[in-house]
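1. give me a model of this one.
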Amino acid sequence: IKHFMLFVSCDSVGVQAEYIRSGMNFNYLKSNVLDVLNKTNGTAISFINTFNVLSAPKLKDFLQWILDLREEFNYDQQKPEITRKKRQRIWFDIPILSQPPWLSVKLLAGTEWEQHVEDCILFMEKNVQKDDYDTSFCGFKPYEILKLKRNFAIMKQGFSHEEQLINEKRFFQYTNELDRRRGTSFVQVFPELRDFHRKACLK
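-> Just a heads-up that it's a prediction; the model follows:
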């Protein structure tokens, strides 16, 4: 096999990532990621963050994790091989979730969360790849920054007033049902969204 890439679906970090994808053990996931990267040579991992309303609170932490992994497994840490050039081993994509609409990040349009996502874009721009990228593999690629900017533009579009009311109500019903079935507590796992959740419960 000349090249092997492992795709990992992970929309946040810590307990919030576990809440979004039921059954995930985030620490176990991180341990497995490091196992693959440390025990193999020339392989790569691509993280898929399907950006949604629950991804927003820990977005900067997720981006920092990507940045840290790129630093840890950079150009200098890779073993040269005759058959394979050194390459970026840490990738990520951030497609935006469109269905179901009650988990869309558009629910957060016009709130303080717009500033939060804007700050994350600035964080990426501050850590954009340098001219030595081909011999470092550190930093964010310009097209990765453009993807988050695209998501931000969609987020700011928001919903119509009627759609917003319906989706906020469904968001509350959805998270309540998850908590009932799984024995979890949304407001404990997502304290940053406590006010939004309280507002939704009144719809």
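2. now the helices for the chain?
-> 14-20, 26-39, 59-72, 113-126, 142-157, 161-182, 186-189, 194-201 (DSSP state H).
3. next, the angle helix 161-182 makes with the last one.
-> With axes from the mean of the first three to the mean of the last three CA atoms, to 10 degrees defining the directions, helix 194-201 sits at 110 degrees from helix 161-182.
4. how about residue 20, what does it touch?
-> 11-12, 52, 54-55 (CB atoms under 8 Å, 6 or more residues apart in numbering). Heads up, the C-betas are built off the backbone N, CA and C, glycines and all.
5. return the helix or strand in the protein with minimum mean pLDDT.
-> One helix or strand of the chain scores below all others by mean pLDDT, DSSP states H and E: helix 194-201, with a mean of 78.
6. and that one, what does it pack onto?
-> helix 161-182, helix 186-189 (3 or more CB pairs under 8 Å, 6 or more residues apart in numbering; DSSP states H and E).
7. mind putting the contacts of residue 20 into TSV with pLDDT, neighbour count and distance to residue 116?
-> Formatted as TSV, these follow (pLDDT from 0 to 100; neighbours: other CB atoms under 10 Å; distance: CB to CB, whole Å):
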residue	pLDDT	neighbour count	distance to residue 116
11	97	23	16
12	97	25	13
52	97	22	14
54	97	23	13
55	97	25	11
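8. next up, phi/psi of the closest residue to residue 37 other than its chain neighbours, please.
-> Closest residue to residue 37 apart from its sequence neighbours, by CB to CB, 6 or more residues apart in numbering: residue 73 at 5.4 Å. The phi/psi pair for residue 73 (degrees, to the nearest 10) reads phi -120, psi 50.
9. local confidence estimate at residue 73?
-> For residue 73, the model assigns a pLDDT of 93.
10. ok, residues contacting the least confident helix or strand of the chain?
-> Helix 194-201 has contacts (CB under 8 Å, 6+ apart) with 107-108, 111, 168-169, 171-172, 175, 186-187, 190.
11. name the nearest of those relative to residue 100.
-> Of all those, residue 171 has the smallest distance to residue 100: 9.2 Å, by CB to CB.
12. distance of the closest residue to residue 158 other than its chain neighbours from residue 161?
-> With sequence-adjacent residues excluded and distances taken as CB to CB, 6+ apart, residue 158 is closest to residue 109, at 3.1 Å. Going from residue 109 to residue 161 by CB to CB, to the nearest Å gives 11 Å.
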